[in-house]
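*Asks:* One predicted model, sequence on top.
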Amino acid sequence: MKIHAISQVLPQASYQRCHECDTLFSLPAVKSSQSAYCPRCDAKVHHGRDWSLTRLAAMAIAMLLLMPVAFSEPLLRIYLLGTKIDANVFQGIWQMTRQGDPITGAMVLFCAVGAPTTLVAALVYLYFGNILGMNLRPVLLMLDKLKEWVMLDIYLVGIGVASIKVKEYAFMQPGVGLVAFVALVVLSLLTMIHLNVEQLWERFYPQRPARAFNAQLRVCLGCHFTGVPDARGRCPRCHVPLRHRRRQSLQKSWAALIASLMFLLPANLLPISVIYVNGARQEDTILSGIISLASSNIAVAAVVFIASILVPFTKVIVLITLLLSIHFKCERGLRTRILLLRFITWIGRWSMLDLFVIALTMSLVNRDQLLAFTMGPAAFYFGAAVILTILAVEWLDSRLLWDAHESGNARFTD
Ligand SMILES: [Zn+2]
Ligand SMILES: [Zn+2]
């Protein structure tokens, strides 16, 4: 059921600030199964999904058991020039490190293995830490940030794209590890949908909500609690400094954005993949790779085009527009800009798709002199650009958009 926060004060209502637009509103008592939305910007301020810690821990244990099989058993198996070749997650990363460069390998390792493992470890820690009375704050603070880096779902799409690419060269079969990997993706998606970090905060560190109006009230971006800073200027619940606005948000966002722009150029101009066929070297940039893929499968080529070209460039253009609109205190199209920001936050991680495809293809198509696939220098620049754009969005304090809008309005009416 959808509840909109209202401005009249009801019994049991509490004052809250929206973490996206900073509006102070009064939120009526909401059941744990109900969602509530900000009256001004429609951001979700209360999630209606809630799984008990026991259930989350059970999911974590199931994922933990699946992981060794999903990561180290063959996902795809091909018969190339009379030889059987398997590819799994670790092999792809290892090939990338050995033939390409270790930093690009580390990027894939982090998104496909590191972040999911950390998610599982964090849930197990919360379960036992809660029983043993340990400090859970750092883990809860990390959980919220970790969600967008768990890219198992994107890796699964990557397996699909790689299998269609490789079909051109050889006969292919799904491997044993694929079943475990699909199960792992389903469990991780379910866990992330039902993992409600705010409810966990509420359960472990209950705080009295603000019942009376107070202009000093601030919302914490770490745990989304609305309260008055404690004596040391920190959030009473998670102990993160409670600031009016995120510090140096614009500077950090600009820095990441400009760096990602500089990486995007070599990422698109240099070859991203190199294929050796009978000793002859054939290089492909992102675009030429998509064009040659389009001749065999137009749908897959479209997916790769959206993930590798459309999304990164759209993100950069939208971010430049948003940052400039804050600097120039733009008043028009605020609603569109908020929707654009939410859209690029949601879609940004899908750009990593191409790196996953390259890692898998590298470990599959590998017959030394006769037929081999390896990555070009653009892969590193591409991965770095994608990670930097995700950080640029993460560091942008969306409340600044509303501030710029309000100051613009004030100037208009003066
Ligand atoms: Zn809002
Ligand atoms: Zn907090």
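*Replies:* Noted; the coordinates are in hand. Ligands and ions are numbered 1, 2, ... in the order given.

*Asks:* Go ahead and flag the most central residue of the chain.
*Replies:* Here the mean C-alpha position of the chain is nearest to the C-alpha of residue 148 (CA atoms, centre = their mean), at a distance of 2.3 Å.

*Asks:* Please verify my assumption that that residue contacts residue 393.
*Replies:* No: in this structure, residue 148 sits apart from residue 393 without contact. The criterion is CB atoms under 8 Å, and the distance is 9.4 Å. The way it works is simple: take the backbone N, C-alpha and C, and place the C-beta from them, glycine included.

*Asks:* shared neighbours, these two?
*Replies:* Common neighbours of residue 148 and residue 393 are listed as 345, 348 (criterion: CB atoms under 8 Å, 6 or more residues apart in numbering).

*Asks:* In the stretch 251-400 of the chain, where is pLDDT below threshold?
*Replies:* When residues are selected by pLDDT under 70, those of the stretch 251-400 of the chain lie in 369.

*Asks:* show me where it has strands.
*Replies:* Secondary structure of the stretch 251-400 of the chain by DSSP state E, counting those that start in this stretch: the strands cover 273-277, 280-284, 366-367, 371-375.

*Asks:* The stretch 101-250 of the chain too?
*Replies:* Counting by DSSP E, counting those that start in this stretch, one finds strands in the stretch 101-250 of the chain at the ranges 171-174, 218-219, 226-227.

*Asks:* neighbours around residue 171, how many?
*Replies:* 10 (other CB atoms under 10 Å).

*Asks:* where's it relative to ligand 1, distance?
*Replies:* Using CB to the ion, to the nearest Å, one gets 54 Å for the distance from residue 171 to ligand 1.

*Asks:* Need the nearest residue in space to that residue, chain neighbours excluded.
*Replies:* Nearest in space to residue 171, with sequence neighbours left out and distances taken as CB to CB, 6 or more residues apart in numbering, is residue 79 at 4.8 Å.

*Asks:* ok, the residue nearest to the centre of the chain - contacts?
*Replies:* Taking CB under 8 Å, 6+ apart as the definition, contacts of residue 148 comprise 345, 348-349, 390.

*Asks:* can you rerun that using 10 Å?
*Replies:* With contacts defined as CB atoms under 10 Å, 6 or more residues apart in numbering, the neighbours of residue 148 are 111, 115, 192, 345-346, 348-349, 390, 393-394.

*Asks:* Repeat that for residue 387.
*Replies:* Listed by CB under 10 Å, 6+ apart, the contact set of residue 387 reads 107, 110-111, 149, 256, 260, 263, 348-349, 351-352.

*Asks:* which of those sit farthest apart?
*Replies:* With distance counted by CB to CB, no two of those lie farther apart than 149 and 263, which are 18.6 Å apart.

*Asks:* So for these two, which sits in the more crowded spot?
*Replies:* Neighbour comparison, residue 149 and residue 263: the larger count goes to residue 263, with 22 against 17 (by other CB under 10 Å).

*Asks:* would a markdown table of the strands of the stretch 101-250 of the chain with mean pLDDT and distance to residue 46 be doable?
*Replies:* Compiled in a markdown table, the strands of the stretch 101-250 of the chain are given as follows (pLDDT from 0 to 100; distance: least, CB to CB, whole Å):
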| stretch | mean pLDDT | distance to residue 46 |
| --- | --- | --- |
| strand 171-174 | 86 | 42 |
| strand 218-219 | 92 | 13 |
| strand 226-227 | 90 | 12 |
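
*Asks:* My guess is residue 224 contacts residue 19. True?
*Replies:* Yes: assessed by CB atoms under 10 Å, residue 224 is found in contact with residue 19 at 5.3 Å.

*Asks:* Show me where the stretch 151-300 of the chain has its helices.
*Replies:* Along the stretch 151-300 of the chain, the segments classed as helices by DSSP state H, counting those that start in this stretch run 152-166, 177-194, 197-204, 249-269, 286-296, 298-305.

*Asks:* Could you identify which of these is most buried?
*Replies:* Looking across the helices of the stretch 151-300 of the chain with neighbours counted as mean count of other CB atoms under 10 Å, the highest average goes to helix 152-166: a mean of 21.

*Asks:* Residue 277: neighbouring residues, count only.
*Replies:* So residue 277, with other CB under 10 Å, has 12 neighbours.

*Asks:* Around ligand 1, which positions in the stretch 1-150 of the chain sit nearby?
*Replies:* Taking CB under 5 Å from the ion as the criterion, the neighbours of ligand 1 within the stretch 1-150 of the chain are 18, 20-21, 38, 40-41, 43.

*Asks:* If we use 6 Å, what do you get?
*Replies:* By CB under 6 Å from the ion, the residues of the stretch 1-150 of the chain that approach ligand 1 are 18, 20-21, 23, 38, 40-41, 43.

*Asks:* which among those end up buried?
*Replies:* With neighbours counted using 16 or more other CB atoms under 10 Å, those contain these buried positions: 18, 20-21, 23, 38, 40-41, 43.

*Asks:* Identify, from those residues, the entry nearest to residue 339.
*Replies:* Relative to residue 339, the closest of these is residue 41; by CB to CB it sits at 9.9 Å.

*Asks:* who's in contact with the residue lying closest to that closest one once chain neighbours are set aside?
*Replies:* When the adjacent residues along the chain are set aside, residue 41 lies closest to residue 21, with 4.1 Å between them (CB to CB, 6+ apart). Contact criterion CB under 10 Å, 6+ apart gives 38-43, 334, 338, 398-399, 401-403, 405-406 as the residues in contact with residue 21.

*Asks:* Kindly recompute the last result at 6 Å.
*Replies:* Residues counted as contacts of residue 21 (CB atoms under 6 Å, 6 or more residues apart in numbering) are 40-41, 402.

*Asks:* Going by distance to ligand 1, which of the contacts of residue 387 wins?
*Replies:* residue 348 (21.1 Å; CB to the ion).

*Asks:* Tell me how many other residues crowd that closest one.
*Replies:* A count of neighbours around residue 348, defined by other CB under 10 Å, yields 23.

*Asks:* Contact partners for it?
*Replies:* Contacts for residue 348 were tallied using CB under 6 Å, 6+ apart; they are 315, 390.

*Asks:* Flag every residue of the stretch 101-250 of the chain that's near ligand 2.
*Replies:* Remark: the part of the stretch 101-250 of the chain in contact with ligand 2 comprises 220, 222-223, 225, 235, 237-238, 240, using CB under 6 Å from the ion.

*Asks:* Show me which of these are buried.
*Replies:* When these are checked for burial by 16+ other CB under 10 Å, the buried set is 220, 222-223, 225, 235, 237-238.

*Asks:* Fine by me, thanks again.
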